[in-house]
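Undergrad: Next comes the sequence, and after it the predicted model I'd like to discuss.
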Amino acid sequence: MKCFPFMKDISGKTCLLVGGGEVALRKAEKLHPFGTQIVVCAHEIREDLRALAKKCHREYDASLLAGADFVIAATDDEALNARVASDCRTRGIPVNCVDKKELCDFYFPALITAGDVTIGISTGGASPALAAALRTWLEQKLPENLAEVARRAEALRGTMPPKEYAALVHKMLEEGV
């Protein structure tokens, strides 16, 4: 699937996360810093995942989709994940089914965050390992004080002609100032 990488404000949005294990925890840990309200549904829920959740339910039922802005199916039960995806499609709710790209409406990129800078790297579900390797490579190339560079660039925005501003930001990034 060819995906367009647009950024969306998900603060205050509700994510129904079906699954309570390690994979579900990784998804919740990516979402939590962005202010997402996470509702978890699983027979067993890790304590560290429970700590990130706004609510927890033991059984998946399609009625839990009411109020969900997007859904992640992260169980080790392929039939349940497929049912969740089908229920979401019927209701027009975007869904991500881990390890089943054909059931996904969106993918999780490998993320680099530094202050207000967020870089998402995706292979369209083809190779999450490649996306992770690219993230590691890029992290080594970026200045350690990227968040500070972004703060300074924001403060200077609108204070000079656009071409001059763009050249200055480029220089700041290269010099890490």
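TA: Structure's in. What do you need?

Undergrad: Find me the pLDDT at the residue found closest to residue 33 once you drop the neighbours it is linked to in the chain, would you?
TA: Distances taken as CB to CB, 6 or more residues apart in numbering put residue 113 closest to residue 33, at 7.3 Å, once the chain neighbours are dropped. Every residue, glycine included, has its C-beta placed from N, CA and C. In the predicted model, residue 113 carries a pLDDT score of 94.

Undergrad: How many residues are close by residue 113?
TA: If you count neighbours by other CB atoms under 10 Å, residue 113 ends up with 14.

Undergrad: Please list the outside residues in contact with the strand or helix carrying it.
TA: In this structure, residue 113 sits in strand 110-114 according to DSSP states H and E. Contact with strand 110-114 is made by 30, 33, 118-122, 128, 131-132, 134-135, 138-139, 142, 146-147, 150, as judged by CB atoms under 8 Å, 6 or more residues apart in numbering.

Undergrad: Among those residues, which lie within strands?
TA: Members of the contacts of strand 110-114 lying in strands (criterion: DSSP state E): 118, 119, 120, 121.

Undergrad: hmm, back to that, generate a PyMOL selection restricted to the buried subset of the contacts of strand 110-114.
TA: PyMOL command restricting the contacts of strand 110-114 to the buried ones, with burial defined by 16 or more other CB atoms under 10 Å:
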select buried, resi 30+119+120+121+122+128+131+134+135+146+150
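
Undergrad: In helices, which of the contacts of strand 110-114 fall?
TA: When those are checked against helices (DSSP state H), the matches are 30, 128, 131, 132, 134, 135, 138, 139, 146, 147, 150.
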